[in-house]
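Peer 1: what follows is a predicted protein model with its sequence.
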Amino acid sequence: LDLYNLGSYFDAIVALEDTACHKPHPEPVLHCPKLLETCPEQALYVGDSPHDIKSAHEAGVKAVAVRWSYLSWDSIIAENPEFTIESIEELLTIVANSNNSFQVG
(Lines give C-alpha, C1' and ligand atoms only; values in the text may rest on other atoms or scores of the structure.)
Protein backbone atom coordinates (compact mmCIF):
# COMPACT_ATOMS: atom_id res chain seq x y z
CA LEU A 1 0.00 0.00 0.00
CA ASP A 2 2.83 2.37 0.78
CA LEU A 3 4.61 1.61 -2.48
CA TYR A 4 1.66 2.90 -4.49
CA ASN A 5 0.43 5.49 -1.97
CA LEU A 6 -2.85 3.65 -1.42
CA GLY A 7 -2.95 3.76 2.38
CA SER A 8 -4.93 6.99 2.47
CA TYR A 9 -7.83 5.27 0.68
CA PHE A 10 -8.51 3.01 3.68
CA ASP A 11 -9.95 3.91 7.07
CA ALA A 12 -8.72 0.62 8.54
CA ILE A 13 -6.22 -2.03 7.50
CA VAL A 14 -5.85 -5.45 9.09
CA ALA A 15 -2.52 -7.14 8.42
CA LEU A 16 -1.14 -10.54 9.35
CA GLU A 17 0.46 -9.30 12.57
CA ASP A 18 -2.76 -7.63 13.82
CA THR A 19 -4.45 -10.85 14.99
CA ALA A 20 -3.36 -14.05 16.70
CA CYS A 21 -5.45 -16.26 14.39
CA HIS A 22 -5.53 -16.11 10.62
CA LYS A 23 -7.96 -16.99 7.85
CA PRO A 24 -10.04 -19.08 7.63
CA HIS A 25 -10.50 -18.20 11.32
CA PRO A 26 -12.92 -15.24 11.61
CA GLU A 27 -10.66 -13.13 13.88
CA PRO A 28 -9.05 -11.02 11.11
CA VAL A 29 -12.43 -10.27 9.55
CA LEU A 30 -13.95 -9.38 12.93
CA HIS A 31 -11.05 -7.09 13.76
CA CYS A 32 -11.81 -4.59 10.99
CA PRO A 33 -15.40 -3.72 12.04
CA LYS A 34 -14.05 -3.14 15.55
CA LEU A 35 -11.52 -0.66 14.15
CA LEU A 36 -14.28 1.05 12.18
CA GLU A 37 -16.62 1.03 15.20
CA THR A 38 -19.35 -0.81 13.33
CA CYS A 39 -20.86 -4.29 13.44
CA PRO A 40 -20.04 -7.27 11.19
CA GLU A 41 -23.54 -7.22 9.70
CA GLN A 42 -22.72 -3.85 8.14
CA ALA A 43 -19.54 -5.07 6.46
CA LEU A 44 -18.64 -6.70 3.17
CA TYR A 45 -15.54 -8.83 2.76
CA VAL A 46 -14.08 -8.97 -0.73
CA GLY A 47 -11.97 -12.05 -1.30
CA ASP A 48 -10.31 -14.21 -3.91
CA SER A 49 -10.02 -17.51 -2.06
CA PRO A 50 -12.20 -20.10 -0.35
CA HIS A 51 -10.53 -19.12 2.95
CA ASP A 52 -11.70 -15.53 2.47
CA ILE A 53 -15.32 -16.54 1.95
CA LYS A 54 -15.28 -19.00 4.84
CA SER A 55 -13.68 -16.45 7.17
CA ALA A 56 -16.29 -13.84 6.24
CA HIS A 57 -19.15 -16.23 6.90
CA GLU A 58 -17.69 -17.34 10.24
CA ALA A 59 -17.52 -13.66 11.21
CA GLY A 60 -21.11 -12.94 10.17
CA VAL A 61 -20.00 -10.76 7.27
CA LYS A 62 -21.38 -10.96 3.74
CA ALA A 63 -18.79 -12.23 1.27
CA VAL A 64 -18.00 -10.92 -2.20
CA ALA A 65 -16.02 -13.33 -4.38
CA VAL A 66 -13.90 -11.87 -7.17
CA ARG A 67 -13.38 -13.65 -10.47
CA TRP A 68 -9.76 -12.51 -10.89
CA SER A 69 -8.32 -15.13 -8.57
CA TYR A 70 -5.58 -17.56 -9.52
CA LEU A 71 -7.41 -20.20 -7.46
CA SER A 72 -10.11 -22.50 -8.78
CA TRP A 73 -13.38 -20.63 -9.21
CA ASP A 74 -15.26 -23.83 -8.28
CA SER A 75 -13.45 -23.94 -4.92
CA ILE A 76 -14.36 -20.32 -4.22
CA ILE A 77 -17.99 -20.56 -5.28
CA ALA A 78 -18.38 -23.76 -3.24
CA GLU A 79 -18.21 -21.55 -0.10
CA ASN A 80 -21.42 -19.79 -1.23
CA PRO A 81 -20.50 -16.11 -1.32
CA GLU A 82 -23.46 -13.74 -1.20
CA PHE A 83 -22.10 -11.85 -4.21
CA THR A 84 -19.73 -12.52 -7.10
CA ILE A 85 -18.09 -9.85 -9.22
CA GLU A 86 -15.97 -9.69 -12.33
CA SER A 87 -14.97 -6.03 -11.99
CA ILE A 88 -14.46 -3.55 -9.16
CA GLU A 89 -17.26 -1.43 -10.60
CA GLU A 90 -19.68 -4.22 -9.71
CA LEU A 91 -18.69 -3.80 -6.06
CA LEU A 92 -19.80 -0.18 -6.22
CA THR A 93 -23.17 -1.36 -7.55
CA ILE A 94 -23.57 -3.80 -4.65
CA VAL A 95 -22.84 -1.04 -2.14
CA ALA A 96 -25.12 1.44 -3.93
CA ASN A 97 -27.99 -1.08 -3.99
CA SER A 98 -27.63 -1.94 -0.32
CA ASN A 99 -29.75 0.99 0.91
CA ASN A 100 -26.69 2.30 2.74
CA SER A 101 -26.64 -0.69 5.08
CA PHE A 102 -22.95 -1.42 4.47
CA GLN A 103 -20.05 0.47 6.04
CA VAL A 104 -17.42 1.43 3.50
CA GLY A 105 -13.93 1.70 4.90
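Peer 2: Structure's in. What do you need? As the structure is a prediction and not an experimental result, all values here were calculated from the model. Numbering: from 1, shown residues only.

Peer 1: and F10, how many neighbours?
Peer 2: Per other C-beta atoms under 10 Å, the neighbour tally for F10 reads 11. All C-beta atoms are positioned from the backbone trio N, CA, C, and that covers glycine.

Peer 1: how much space between it and E90?
Peer 2: Applying C-beta to C-beta, to the nearest Å, the value for F10 to E90 is 20 Å.

Peer 1: and the strand or helix carrying E58, what does it pack onto?
Peer 2: Assessed by DSSP states H and E, E58 sits inside helix 50-59. Applying 3 or more C-beta pairs under 8 Å, 6 or more residues apart in numbering; DSSP states H and E, we find helix 50-59 packed against helix 27-35, strand 44-47, strand 62-66, helix 73-77.

Peer 1: pull the distance from it to the chain's centre.
Peer 2: Centroid displacement of helix 50-59 relative to its chain, using C-alpha atoms, centre = their mean, to the nearest Å, is 9 Å.

Peer 1: can you give me the buried ones in that helix?
Peer 2: Residues of helix 50-59 classed as buried by neighbour count (16 or more other C-beta atoms under 10 Å): 50-57, 59.

Peer 1: ok, so of these, who is nearest L1?
Peer 2: When the buried residues of helix 50-59 are compared for distance to L1 (C-beta to C-beta), D52 wins out at 18.0 Å.

Peer 1: would you confirm that that closest one contacts V64?
Peer 2: No - between D52 and V64 there is no contact under C-beta atoms under 8 Å: 9.1 Å.

Peer 1: identify the contacts common to the two.
Peer 2: Each of 45-46 lies in contact with both D52 and V64 under the rule C-beta atoms under 8 Å, 6 or more residues apart in numbering.

Peer 1: now mean neighbour count and distance to C21 too, for the helices and strands packed on helix 50-59, in JSON lines please.
Peer 2: JSON lines is the format used below for the helices and strands packed on helix 50-59 (neighbours: other C-beta atoms under 10 Å; distance: least, C-beta to C-beta, whole Å):
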{"stretch": "helix 27-35", "mean neighbour count": "19", "distance to C21": "4"}
{"stretch": "strand 44-47", "mean neighbour count": "20", "distance to C21": "16"}
{"stretch": "strand 62-66", "mean neighbour count": "22", "distance to C21": "18"}
{"stretch": "helix 73-77", "mean neighbour count": "14", "distance to C21": "21"}
